[in-house]
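Colleague: Predicted model and sequence below, questions to follow.
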Amino acid sequence: MSELLIKNAYVIDPINDIKGEIMDIAIKDRMIADSVSDSAEVIDAKGCLTLPGGVDSHTHICGTKVNFGRYMSPEDMRAGRGRAQPHMYPVSGYSVPTVYANTYRYSALGYTTVLEGAMAPLEARHTHEEFFCTSLQDTMANTLFDGNWSVMEAVSDKDLKRVAAVVGWTLAAVKGFAVKVTNPGGTEMWGWGKDVGCIHQKIDHFGITPAEIIEYLIRANELLNLPHSVHLHCNNLGKPGNYKCTLETMQRTPNLNDKRQTLYMTHVQFHSYGGTKWGDFCSKADDIAWMLNRKPQIAIDMGQVMFGKTTTMTADGPMEFNLYRLYNNKWSNHDVELETGSGIIPVFYSRKNLVNSVMWSIGLELALMTKNPWQCMLATDNPNGAPFVKYPEIIALLMSSRYRDEEFAKIHPDTGKRVHLPSLDREMDFYEIAVMTRAAQAKALGITDIGKGHLGEGAYGDVAIYPIKNNDIDPSRDYSKIIEGFSLTDYTIKSGRVISRHGNCLLNGNNRTIWVKPKISEEYNMSNDPEFVKKFERYYSVSMENYPVEEEYMNKRNICIETETGL
Amino acid sequence: MIKKNVICSFCGCLCDDLSITIEDGKITGVDNGCALANAKFLGKERLLKPVIREGDSIKETEYNTAIEKAADILKDAERPLFFGWSGTQGEAQAKGVHLCMLLGGVIDNTSSLCHGPSILAIQEVGHPGCTLGQVKNRADLIIYWGCNPLEGHPRHMSRYTTYADGFFLKNAFRERKLIVVDVRKTMSSDVADEFIQIEPGGDYAVLSALRAIVRGEEKIIPESVSGVSKSQLKRVADMCKEARFGALFFGLGLTMSKNKYKNIRNAVELTDELSRHTKFTISAMRGHWNVYGANEVFTWMTGYPYAIDFARGIPFYNPGETTAAEILYRKECDALMVVSSDPAAHMPKKCVEHMADIPVIQIDPHKNCTSFFTDVQIPVAITGIEASGTAYRMDGVPLRTKKIIDADFLTDTEVISRIYERILEAKADV
Amino acid sequence: MKIELSIKPREKPFIPIEAESITPASFLEKMTEDITVWSGNREKKLTEIFDVKKSGNADSQKDVEIILNGDCSAVKRVGEYMKDGKISIMGNIGMHCGNFMSGGLIEINGDSDSWLGREMTGGEIICKGNTGDYCGSGYRGEKTGIKGGKITIMKDAGDYLGESMAGGEIIVNGSSGNMPGSEMQKGTITIYKDAVLPCPNMRGGICYVLGEAKEILPTFKQTGSIYNSDHKRELNIYEGDYANRSHKGKLFAGKTNKK
């Protein structure tokens, strides 16, 4: 039995309504406990800011597409190189670093839980293999359903239960965590080199619209009683004027769940664009935030863009092709039969570029204009907007209007006419940052019940202690100390074990993969469904028997959330 | 007993529909497989016990002794080279990378002898590709360039392209056009709708000409390019633009001929150009069953798909310098470990000469040309028959190969892990 | 300051030495016994590999001259990131000599191996012998090769000379191998004798092949010919590469042979 006592911690734990109190945290056998014995190991937090371990509810760190980003980018590996340490393997890479680099860097920032944003079911083993090496964070995978033929056929038949049955079967088969929809219908159209305009355009052959796919998947998701809501990457990413499409998608979202949002909309920065072309491109973050403030059933993440070099990667194949034609840099694409697509290109977001400057502003505006921080997560859609190592800078930007002004002065001079940022003087506090970087994310993912994202008794002992003292610092003025403090924890503790001290990872291993298994009756078990079986016999290039991810790919202490369903 | 849906661990197609008949613990029949698969599943020849070289003679020994000897060779090497990996399970590849990290060696896989140049091209311009099922269901134009699938990947055409069922094609075989590009006639070119015969070394010029024609610059193209008439080039460019979904597959005839990776770069750029007109994809015909897996595993662990030098503790990648053949050719390494591969059969003579000069460890179920140079050979269970393990198909789809019969051999992963542990112990003693 | 390095006999003479520490800056800033090089996976003192004779003093890198004696063909990365001063190599030199160089002079009396002057931005390299492949090129996956400086090869160059070149000047007094100036964007390459498949996929820059340009691509457009007084000969002018969307490159060739 292991015991740990963190003494004298300045704790913010939003889920348990603790908004900054000096207290002790006891951890017994990996879990937060009421008390520990005198023989417990003691850490003196010395009054430093102590939060539940960070949760990233949308990042790309493991799987086919991420690895292809590495594969095609030896130039990216020239940055971030580090030798092996006693418990660390050598690392390299900046925007698409190696698995080890990702897991070490996340732990240095105090993150203990991450969700891979896009896993193609057919290629799920790959994601799980990389999860094995992401040993310092618990992992989950969003599973892609945007172009799933069986789903689209069931939607076309207006058969909600069948949609749910397909989703349920697939999630359990590939050991996925949640339903991800990337440019619904667009990825199927990309199979013909086309895209969809907005949510009402019919998809070739299947005769349904993105709006219908979204609607049915939202209802199926609730029928399956999944912990997380549908996780949507809207149509039209990155196109001027796309905010209308985003607004309508929001407008149509029903409110079906009282514990969490009904729809999680990801990297909304990329979907809040006004104008008709790049020439009159502008921010519509105000309209999006206005709608969000009236729709408690929606949660978003920022998709913040930060200046510099990075790599964009998404299941949204047609969008990446558009980017390729814009940048003329190298372009990779990878369609996945009967399911989805993906694309990758390297980009450089420049302060001197007007479009990039507007994008930078939009992300911040979304966060600052969303009244309830529980509805807006801090994320960059790593590495699309920026590598996650930029999170501390984003925190500082949200906490300091002075820092924002200073940065604003360095960007393209015409930005001011197209954005709202200079007029926003909101400065977030540590509580709001704690919400946006862990509590809201855990709540949105639906994993607070299994003990993630908070420090209540019985929760996992995931704790991050930052070298920041509330009383000694004025975040508005000392923003560089905020960046420094959030960049490197004094301690990152996962399941009661110190995994990182000042960025030196002290242990190797023992992460868990969290996945869902909806309980579905034999009647709705797709394994027995002739049409579904035929998909494998005739159209997939892999047989049904060889499709599901075997137990061997699960880490030993994986967490399977079994749900009671309406099937 | 018959086991169905068995995955074939022979070539990069990883066909997963084989039926294997097993009687008394032995494989007696293979259904659905090609001739290459049959040979693999029904093969009898293998090394039964570890062997070590003592002076001029080869002696059988036990696993422990062989593993000890392998660890002894590696632990003091100044520049050990770890090569092969395309014929083993992903788990062993990962362990191999850790071993190489521990020892500060160079690790390379057989890509450097096959599609390494394709990877270099992808690193310059990217790779617009897709899974094989996407081609099967949609493509109405298939191009095989510098490859002869009917002989090299015998079921590629029937499972994934020309002869396969396609969801969006009523009569796939008749609706799909087939173009074969090669320097000579082959079995595959015989069944093509259009055969483009190029003078050896002329692929690059033909690809450039096609790009220009697709872009509307046909005026400047001469009447003949590398033996191909302008009228045929124009016809082919039109076929590509008019296709609903075109899929270009290329083989070593394009990758390993004159201009190597620049050929592939040009083919990718042609695909990019065609993508402005219609749907087009490009894919490599990967050879060994898990060579793509080696690329994937190496990439997520080290950042690079092959040819990684850990001498300085931080991975360094520079094919042409850190590739196995070049290292052997320049006599840079002082020890060699070969896993599931036969470099002596595929590398230039000067490389093989260096193998004779340095200690060589081989982990392989079979004897092959490289075995003549080994100081220790450790036989292992055959993945996909006697052991299960992860493999990546040529299009990146990961599959789990199965164990279908029992055997008294350690797996590659177990052997490499034991060597790793032995070296850790030895280092701790110092 | 003058530093004379003579390579010592080694038990395993083919194990490469990585010696990016052999630059004027190192000798100016460090004690000789603190300078290290790598032999395979081992870090060794410079003095274990070389006999070192140091004489005189220097205030700046400019006043430092390093002389390398003996066969250094297994010594890599000499002069990496060199900013000023001089390195004289009396025999052959290994790969990556003068990588990322931004100033100063490297003179090689023998042959140089591949990646000579990779990604250099300034300074000068003169190689009196032959050079290997990728002279004046970039790194895998990067968009650009050298951006400035001057490389002169007195004999022949290997394949992919000046790949992705984005500035500077390369002169080869002999012939080049396959595909000089591929993906070239800016800068000038002059090859006094022959070249095979010059400038494939070039987007900009200028390349002279004063001997025979073998296998000029069909996607190059001949726009005329000109008497070049610098080189005293009639040269055909080509524009290309029309396979590319941008094709502002210029290729001047003595004799040509279109594939």
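Modeller: Here it is on my side, so go on.

Colleague: Give me the pLDDT for A:Asn225.
Modeller: Per-residue pLDDT puts A:Asn225 at 98.

Colleague: can you tell me if the top helix by length along chain B touches chain A.
Modeller: Looking across chain B with DSSP state H, the single longest helix is helix B:412-429. No. If you take Cβ under 8 Å from any Cβ of the partner chain as the test, helix B:412-429 misses chain A, and the best it gets is 11.9 Å. Using the backbone N, CA and C atoms, a C-beta is placed for each residue, glycine as well.

Colleague: How about stretch B:139-153?
Modeller: No. Stretch B:139-153 stays out of contact with chain A when judged by Cβ under 8 Å from any Cβ, the minimum separation being 10.3 Å.

Colleague: Which part of chain C gets nearest to chain B, residue-wise?
Modeller: Proximity of chain C to chain B (Cβ to the nearest Cβ) peaks at C:Asn41, 3.0 Å away.

Colleague: And for that residue, nearest residue in space, chain neighbours not counted?
Modeller: B:Gly104 (3.0 Å; Cβ to Cβ, 6 or more residues apart in numbering or on different chains).

Colleague: number of nearby residues for the residue of chain C closest to chain B?
Modeller: 19 (other Cβ atoms under 10 Å in any protein chain shown).

Colleague: what sits against it?
Modeller: B:78-79, B:103-105, B:310-312 (Cβ atoms under 8 Å, 6 or more residues apart in numbering or on different chains).

Colleague: what does the stretch 301-450 of chain A have sitting close to chain C?
Modeller: A:328-329.

Colleague: Then the stretch 1-150 of chain B?
Modeller: The stretch 1-150 of chain B has residues B:77-79, B:103-105, B:120, B:123-124 near chain C, with proximity defined as Cβ under 8 Å from any Cβ.

Colleague: which of these are buried?
Modeller: Among the residues of the stretch 1-150 of chain B next to chain C, those buried by neighbour count (16 or more other Cβ atoms under 10 Å in any protein chain shown) are B:77-79, B:103-105, B:120, B:123-124.

Colleague: would a markdown table of those with pLDDT and secondary structure be doable?
Modeller: Shown next, in a markdown table, are these (pLDDT from 0 to 100; DSSP: H, G, I helix; E, B strand; the rest coil):
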| residue | pLDDT | secondary structure |
| --- | --- | --- |
| B:Ala77 | 97 | coil |
| B:Glu78 | 97 | coil |
| B:Arg79 | 98 | coil |
| B:Leu103 | 97 | helix |
| B:Gly104 | 97 | coil |
| B:Gly105 | 98 | coil |
| B:Leu120 | 97 | helix |
| B:Gln123 | 97 | helix |
| B:Glu124 | 97 | helix |
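
Colleague: Throw the residues you listed into TSV and include distance to C:Ile35, thanks.
Modeller: As requested, those are exported to TSV (distance: Cβ to Cβ, whole Å):
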residue	distance to C:Ile35
B:Ala77	25
B:Glu78	20
B:Arg79	21
B:Leu103	26
B:Gly104	21
B:Gly105	25
B:Leu120	34
B:Gln123	34
B:Glu124	36
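
Colleague: List just the nearest of these to A:Trp374.
Modeller: B:Gln123 (42.8 Å; Cβ to Cβ).

Colleague: pretty sure A:Glu432 contacts A:Lys371?
Modeller: No. Using Cβ atoms under 8 Å, A:Glu432 makes no contact with A:Lys371, being 10.8 Å away.

Colleague: which of those two has more neighbours?
Modeller: A:Glu432 (23 against 12).

Colleague: Let me see the contact set for that one.
Modeller: Counted by Cβ under 8 Å, 6+ apart, A:Glu432 has contacts A:373, A:398.

Colleague: which secondary structure element contains it?
Modeller: Element membership of A:Glu432, judged by DSSP states H and E, is helix A:430-434.

Colleague: hey, where'd the strands end up in the stretch 301-450 of chain A?
Modeller: Remark: strands assigned in the stretch 301-450 of chain A by DSSP state E, counting those that start in this stretch are A:308-314, A:332-335, A:343-349, A:376-377.

Colleague: for the shortest one, the distance to its chain's centre please.
Modeller: Right, the one you point to is strand A:376-377. 10 Å (Cα atoms, centre = their mean, to the nearest Å).

Colleague: before we move on, back to that, tell me if I'm right that the residue nearest to C:Asn41 and C:Gly40 touch.
Modeller: Yes. Counting by Cβ under 8 Å, B:Gly104 touches C:Gly40, with 7.5 Å between them.

Colleague: Residues that sit against both of the two, list them.
Modeller: B:Ala311.

Colleague: Can you name the residue of chain C nearest to chain A?
Modeller: For chain C, Cβ to the nearest Cβ, closest residue to chain A: C:Gly141, 4.0 Å.

Colleague: mind checking the SS state of that residue?
Modeller: coil (DSSP: H, G, I helix; E, B strand; the rest coil).

Colleague: Report back the residue of chain C that's furthest from centre.
Modeller: Most distant from the centre of chain C: C:Gly224, at 31.4 Å, with distances by Cα atoms, centre = their mean.

Colleague: tell me which element that residue falls in.
Modeller: Going by DSSP H and E, C:Gly224 is in strand C:221-228.

Colleague: Contact partners for C:Glu163?
Modeller: C:134, C:136-138, C:145, C:179, C:181-184.

Colleague: which helices and strands sit right next to the lowest-mean-pLDDT helix or strand in chain A?
Modeller: The weakest-scoring helix or strand in chain A, judged by mean pLDDT, DSSP states H and E, is helix A:317-327 (a mean of 88). When contacts are defined as 3 or more Cβ pairs under 8 Å, 6 or more residues apart in numbering or on different chains; DSSP states H and E, helix A:317-327 packs onto helix A:186-190, strand A:308-314, strand A:332-335, strand A:343-349.

Colleague: what's the shortest one in contact with?
Modeller: What that stands for is strand A:332-335. A:64-65, A:68-69, A:72, A:187, A:190-191, A:317, A:320-321, A:341-345, B:122, B:126-131, B:134, B:281, B:396.

Colleague: Measure how far it is from the centre of its chain, please.
Modeller: With Cα atoms, centre = their mean, you get 21 Å for strand A:332-335.

Colleague: you'd agree A:Leu122 is in a strand?
Modeller: No. Read with three-state DSSP, A:Leu122 is helix and lies in no strand.

Colleague: and it, what is it in contact with?
Modeller: A:Leu122 touches A:336-339, A:540, A:542, A:547, B:131, B:133, B:397, counting by Cβ under 8 Å, 6+ apart.

Colleague: Quick one: name the residues of the stretch 51-200 of chain C near chain B.
Modeller: C:74, C:95, C:114-115, C:133-134, C:139-141, C:178-179, C:182-183, C:197, C:200.

Colleague: how about low-confidence regions in the chain?
Modeller: Since you didn't name a chain, this refers to chain A. For chain A, residues meeting the criterion pLDDT under 70 lie at A:1, A:509.

Colleague: oops, I was thinking of chain C
Modeller: C:258-259.

Colleague: Perfect, that will be all.
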